[in-house]
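Novice: show me how the following folds:
(one chain, ligands or ions: 3)
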Amino acid sequence: MRRKLIVQKYGGSSVANPERIQRVAQRVVDTRRAGADVVVVVSALGDTTDELLHLASQITQAPPERELDMLMATGEQVSVALLAMAIHELGEDAVSFTGAQVGILTDGTHTKARIVDINAQRLVGELAKGRIVIVAGFQGVNLRQDITTLGRGGSDLTAVALAKVLRATVCEIFTDVEGVYTADPRIVPQARKLSTISYDEMLEMASLGAQVMQARSIFVAKRFGIPIHVRSSFSLREGTMIQRSVKAMEDIVVSGVTLQRDEAKVTIRDVPDRPGMAAEIFRELAAKGINVDMIVQNVSREGSTDLSFTVIKSDLPSTLRLSRSVSHRIGAGEVTTDEGVVKLSIVGIGMRSHSGIAAKMFEAMARERINIEMISTSEIKISCVIRKAHAERAMRAVHRAFGLNRAPTSGR
Ligand code: ADP
Ligand code: ASP
Ligand code: MG
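Specialist: Ligands and ions are numbered 1, 2, ... in the order given. Presented below is the predicted three-dimensional model:
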């Protein structure tokens with residue numbers, strides 16, 4: 001019979017200092033001694049990746065992306081080596097690898113590369129020698145042998161992809177909270193830990209701002225049916241299982257509330273009200289790889305209309321440049337930007353079969369006298385753009401309105 005194989009991923013806060021690295025080492029060793037083969041993926045220590053980006057920003061505002069990847073990938077190389085040393089101290093055999101060394105082949109898109117293939121041979125060989133294998137998260141190598149990174153939070157993706165190619169029993173994601181909650185527990189102290197959540201809901205929550213898992217990693221996990229256990233590296237308690245949709249015992253409509261802080265609103269004034277104008281604007285943005293999220297077109301007056309949409313803040317400078325040039329060409333007016341907004345969303349598979357959910361969300365905000373600037377809905381989510389200053393109050397109000405608070409106020 002095949003031995004049990006577990007992939008464990010430890011995030012930055014779990015390995016923020018030497019003492020924490022030693023605790024992680026102990027946990028890895030305990031798992032190994034309980035009889036499983038273990039592959040460990042680690043993130044860079046604490047806030048290393050942010051610090052490296054800050055360093056680069058002091059040199060240039062437009063760093064070449066290849067060099068950014070070269071820089072960011074150093075963070076994870078430090079943590080794998082230190083963890084391997086800590087495991088040796090505990091008397092087990094461990095070996096650390098960069099992404100390139102274990103054949104994590106990606107496409108060429110620097111800073112958000114996609115994994116194309118993983119050559120598991122080296123990993124399997126090391127495991128067969130009885131070693132604990134430690135792999136640097138977040139990084140790979142492209143066909144030209146250049147180092148690439150997998151987008152922020154990309155160590156989650158490394159872990160899920162390794163779990164897939166190694167056919168692991170489970171992929172454990174160790175972090176600084178005890179699992180996936182109904183809302184970020186740092187913003188909503190009454191948030192409840194979910195014992196299970198479906199891939200679809202987790203994917204939606206991650207895409208809408210719940211930082212606890214990288215969205216792309218959930219996409220891959222869903223595709224290949226990899227069970228994920230999100231849990232705390234500071235306790236032994238069970239966390240949250242992310243898996244195919246589970247038959248709910250109760251009729252749960254909304255599973256979680258999320259906040260996205262990195263979008264900005266762009267408005268083009270006086271867009272001529274005739275066919276083809278929206279196509280003209282959004283074609284140009286799409287051609288430059290800019291993802292437009294929410295779009296609102298106001299009521300036309302005197303042959304023209306204001307058009308607003310949101311984009312990720314990092315795309316704002318290029319969006320502004322392009323929008324101004326299109327606006328000029330089509331005879332529209334001024335282009336303005338607004339970075340004082342956030343996107344608040346509710347997510348839940350149960351919404352498919354329930355009505356009145358949107359009304360309940362809007363009422364919760366109305367009671368708090370919070371104005372909604374934009375709305376978008378899909379089968380399993382509703383999002384509202386509101387002022388940044390109201391973000392956390394709105395989140396708590398909506399969380400409460402859907403009965404998501406922990407007992408004694410729980411309605412579920
Ligand atoms: P790591 O360094 O372990 O990858 P992250 O900072 O990426 O950790 O993710 C964990 C953080 O995600 C938590 O500290 C928490 O504040 C935040 N978070 C946001 N939404 C949620 C949620 N719904 N459930 C749990 N944590 C969440
Ligand atoms: N260190 C990388 C980041 O901060 C990858 C990760 O932590 O998952 O985004
Ligand atoms: Mg993370």
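
Novice: spatially, what comes nearest to Arg122 if we skip its sequence neighbours?
Specialist: Nearest in space to Arg122, with sequence neighbours left out and distances taken as CB to CB, 6 or more residues apart in numbering, is Val102 at 5.5 Å. C-beta here means a position set from N, CA and C on the backbone, and glycine is covered the same way.

Novice: run a quick neighbour tally on that neighbour.
Specialist: 23 (other CB atoms under 10 Å).

Novice: cool, and Ile118?
Specialist: 22.

Novice: let me see the backbone angles for it.
Specialist: The main-chain torsion angles of Ile118 are listed as degrees, to the nearest 10 and equal phi -130, psi 130.

Novice: ok, and the closest non-adjacent residue to whichever residue of the stretch 151-300 of the chain sits closest to ligand 2?
Specialist: When distances are taken as CB to the nearest ligand atom, the stretch 151-300 of the chain reaches nearest to ligand 2 at Ser155, 3.2 Å away. Closest residue to Ser155 in three dimensions, ignoring its sequence neighbours and counting by CB to CB, 6+ apart: Gly137, at 2.6 Å.

Novice: what sits opposite the closest residue to ligand 1 within the stretch 251-400 of the chain in the beta ladder?
Specialist: Ranking the residues of the stretch 251-400 of the chain by distance to ligand 1 (CB to the nearest ligand atom) places Gly256 first, at 5.5 Å. Beta bridges link Gly256 to Val347, judged by DSSP bridges.

Novice: which residues of the stretch 1-150 of the chain lie near ligand 3?
Specialist: Residues of the stretch 1-150 of the chain lying close to ligand 3 (CB under 5 Å from the ion) are Gly11.

Novice: which residue ranges of the stretch 1-150 of the chain form helices?
Specialist: The residue ranges that make up the helices of the stretch 1-150 of the chain, judged by DSSP state H, counting those that start in this stretch, are 18-33, 48-59, 65-89, 121-128.

Novice: out of the ones you listed, deepest packed?
Specialist: With neighbours defined as mean count of other CB atoms under 10 Å, the helices of the stretch 1-150 of the chain peak in mean count at helix 65-89, which reaches a mean of 20.

Novice: return the residues in contact with the nearest residue to Cys171 once chain neighbours are set aside.
Specialist: In space, and not counting its chain neighbours, Cys171 is closest to Ala163: 3.8 Å by CB to CB, 6+ apart. By CB atoms under 8 Å, 6 or more residues apart in numbering, Ala163 lies in contact with Val7, Val170, Cys171, Ile226.

Novice: look at Ala407 and give its secondary structure.
Specialist: When the structure is reduced to helix, strand and coil (DSSP: H, G, I helix; E, B strand; the rest coil), Ala407 reads as coil.

Novice: what residue ranges in the stretch 1-150 of the chain score low on pLDDT?
Specialist: Within the stretch 1-150 of the chain, the segments meeting pLDDT under 70 span 1.

Novice: which one in the protein is furthest away from the centre?
Specialist: Relative to the C-alpha centroid of the chain, counting by CA atoms, centre = their mean, Glu302 is the outermost residue, at 43.2 Å.

Novice: wait, isn't the residue of the stretch 151-300 of the chain closest to ligand 2 in contact with Lys9?
Specialist: Yes. In this structure Ser155 lies within contact range of Lys9 using CB atoms under 8 Å: 5.8 Å.

Novice: overlap of the contact sets of those two?
Specialist: Common contacts of Ser155 and Lys9, defined by CB under 8 Å, 6+ apart, comprise Val41, Val42, Ser43, Gly137.

Novice: who in the stretch 1-150 of the chain is up against ligand 2?
Specialist: Counting by CB under 6 Å from any ligand atom, the positions of the stretch 1-150 of the chain adjacent to ligand 2 are Gly11, Gly12, Ser43, Ala44, Thr49, Gly75, Gly137, Phe138.

Novice: now the residue nearest to Arg122: how far from Leu82?
Specialist: With distances defined as CB to CB, to the nearest Å, the gap from Val102 to Leu82 amounts to 18 Å.

Novice: equivalent analysis for Ala136, please.
Specialist: Between Ala136 and Leu82 the distance is 12 Å, computed by CB to CB.

Novice: and Arg369, how many neighbours does it have?
Specialist: By other CB under 10 Å, the residues close to Arg369 number 8.

Novice: just the one 4 residues further on next, same as before
Specialist: Other residues within reach of Glu373, judged by other CB under 10 Å, total 15.

Novice: that one reaches Val341, doesn't it?
Specialist: Yes. Under the contact definition of CB under 8 Å, Glu373 touches Val341, with a separation of 6.7 Å.

Novice: okay, and the common contacts of the two?
Specialist: When contacts are counted by CB under 8 Å, 6+ apart, Glu373 and Val341 are jointly contacted by Lys265, Val385, Ile386, Arg387.

Novice: which ones among those are found in strands?
Specialist: When those are checked against strands using DSSP state E, the ones located there are Lys265, Val385, Ile386, Arg387.

Novice: among those residues, which one sits closest to Ser57?
Specialist: Closest to Ser57 out of those is Lys265 (24.2 Å), distances taken as CB to CB.

Novice: quick one: contacts for that closest one?
Specialist: Lys265 sits in contact with Ser308, Phe309, Thr310, Thr337, Asp338, Glu339, Val341, Glu373, Met374, Val385, where contact means CB under 8 Å, 6+ apart.

Novice: quick one: the first one is in a strand?
Specialist: Yes. The assignment for Ser308 by three-state DSSP puts it in a strand.

Novice: bridging residues for it?
Specialist: Per DSSP bridges, residues listed as beta-bridge partners of Ser308: Thr267, Val296.

Novice: okay, it: pLDDT?
Specialist: In the predicted model, Ser308 carries a pLDDT score of 95.

Novice: give me the neighbour count for it.
Specialist: Residues lying near Ser308 (other CB under 10 Å) number 19.
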